[in-house]
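Asker: Below: sequence and its predicted model.
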Amino acid sequence: MKASIKEVRAFKPSTYNKRKVFKSEKQLSFFVTDNCNLKCSYCYLPGKNKNRKMTFETARKAIDYFLKNDSIFTEDKLLLDFMGGEPLLEIDLISQVVDYFKVMAYKLNHHWFGNYRV
C-alpha cells in the first residue's frame with residue numbers, strides 16, 4: 001500500500017519525539033568472537049577464525065560498570081549489541097550475558113530493567 005502525497009506531507013517527525021520510544025538510548029556492544037563460518041572475499045575482518053572469543057567475565061565487568069554508574073549513563077534505554085565474525089556462533093555466551101544483565105538490572109532496581117533491547 002503506497003502512501004499518498006497528502007499523507008507524506010502530513011507526516012511530522014516531531015510528533016514521534018514525544019513518545020518515550022525515541023528518547024535517548026545507550027549502546028553497549030560486545031565483540032563476542034572473531035570466528036566465522038563463511039569465507040567472504042569482501043570480509044573486513046582480517047585474522048578471523050583465530051578462535052578468539054570474549055569471556056563471560058569480561059562481559060560481566062562491562063555490565064556491572066554500566067549498571068553501577070547510572071549517574072554517568074543517564075540514557076532512558078539500553079541496546080545490548082553483539083558483534084563479531086559471526087556472533088551467533090557464541091549464542092550460549094550471548095544468552096548468558098543477556099540473562100546476567102536482566103538479573104542485575106532487576107536486583108539493582110535499575111531504570112534499564114524493562115527498557116532495553118538486544
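Answerer: Done, it's in.
Asker: Grab the nearest non-local neighbour of Val98.
Answerer: Excluding its sequence neighbours, the residue lying closest to Val98 (Cβ to Cβ, 6 or more residues apart in numbering) is Val118, at 5.8 Å. Just so you know, the C-beta spots here come from the backbone N, C-alpha and C atoms, and that holds for glycine as well.
Asker: isn't the one you found right next to Leu80, touching?
Answerer: Yes: with contacts counted by Cβ atoms under 8 Å, Val118 reaches Leu80, the gap being 4.8 Å.
Asker: Need the residues touching each of the two.
Answerer: Counting by Cβ atoms under 8 Å, 6 or more residues apart in numbering, the residues touching both Val118 and Leu80 are Val98.
Asker: Among those two, which residue is more densely surrounded?
Answerer: The neighbour comparison of Val118 against Leu80 (other Cβ atoms under 10 Å) goes to Leu80, with 21 against 12.
Asker: Off-centre distance for the lengthiest helix in the chain?
Answerer: Taking DSSP state H as the criterion, the chain has its longest helix at helix 91-107. Chain-centre distance of helix 91-107: 12 Å, with Cα atoms, centre = their mean, to the nearest Å.
Asker: Break down this structure into its helices, ranges please.
Answerer: In the chain, the segments counted as helices under DSSP H are 5-10, 13-17, 56-68, 91-107.
Asker: Same list, these, but as a markdown table with distance to Val32, mean pLDDT and mean neighbour count please.
Answerer: Below are those laid out as a markdown table (distance: least, Cβ to Cβ, whole Å; pLDDT from 0 to 100; neighbours: other Cβ atoms under 10 Å):
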| stretch | distance to Val32 | mean pLDDT | mean neighbour count |
| --- | --- | --- | --- |
| helix 5-10 | 41 | 48 | 9 |
| helix 13-17 | 32 | 44 | 8 |
| helix 56-68 | 8 | 94 | 15 |
| helix 91-107 | 6 | 95 | 15 |
